[in-house]
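Participant: When you get a sec, could you give me coordinates for this:
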Amino acid sequence: MSNVRLNWVPPTPASDQRPLSSVEISARVDPSFPFTVLGSVPAIDPPEFLDEDVDAGDWEYQAVVIDVSGARSVATTTTITVTETPPVFRDPDPVSGFVATQE
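Facilitator: Below you'll find the model as predicted:
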């Protein structure tokens, strides 16, 4: 299992649109099934969502913006192939310019 981090650029409401309330995130692994809502993020929060413990497969995610009246935007979708083995990261590099001085 792996984690999938979703990021986006939130829209800026025009003068004839209501303020934004939230962004709803949904996912599915099989196109023959409907999307399942995973959760929502307040529109003022950083534009990201972490889907944890995702099984391997070809996943489709969608984001829907919801305004303060409950009106919903058209869904925006993205896809990702989650593999059995998560990426391997190397250890961090050491600091540089590390000195001690007596004062």
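Participant: State which strand of the chain is the longest.
Facilitator: Criterion DSSP state E: the longest strand present in the chain is strand 57-67.
Participant: Okay, now the unreliable bits of the protein?
Facilitator: Low-confidence segments of the chain (pLDDT under 70): 86-87, 100-102.
Participant: now the strands: where do they sit in it?
Facilitator: Using DSSP E, strands in the chain cover 2-7, 20-28, 36-42, 48-54, 57-67, 76-82.
Participant: Could I get the ones you listed in TSV, plus columns for distance to residue 99 and mean neighbour count?
Facilitator: Any C-beta I mention is one placed from the backbone N, CA and C, and that applies to glycine too. Below are the strands of the chain laid out as TSV (distance: least, C-beta to C-beta, whole Å; neighbours: other C-beta atoms under 10 Å):
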stretch	distance to residue 99	mean neighbour count
strand 2-7	37	14
strand 20-28	46	19
strand 36-42	43	14
strand 48-54	37	14
strand 57-67	47	17
strand 76-82	44	12
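Participant: any chance of those strands in JSON lines, with distance to residue 94 too?
Facilitator: As requested, the strands of the chain are exported to JSON lines (distance: least, C-beta to C-beta, whole Å):
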{"stretch": "strand 2-7", "distance to residue 94": "27"}
{"stretch": "strand 20-28", "distance to residue 94": "38"}
{"stretch": "strand 36-42", "distance to residue 94": "36"}
{"stretch": "strand 48-54", "distance to residue 94": "29"}
{"stretch": "strand 57-67", "distance to residue 94": "37"}
{"stretch": "strand 76-82", "distance to residue 94": "32"}
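Participant: looking at the ones you listed, which is closest to residue 92?
Facilitator: Distance to residue 92, taken as C-beta to C-beta, is lowest for strand 2-7 among these, at 19.2 Å.
Participant: Show me what the closest one is packed against.
Facilitator: Applying 3 or more C-beta pairs under 8 Å, 6 or more residues apart in numbering; DSSP states H and E, one finds that strand 2-7 contacts strand 48-54, strand 57-67, strand 76-82.
Participant: which secondary structure elements does the last one contact?
Facilitator: What it means is strand 76-82. Counting by 3+ C-beta pairs under 8 Å, 6+ apart, strand 76-82 packs on strand 2-7, strand 57-67.
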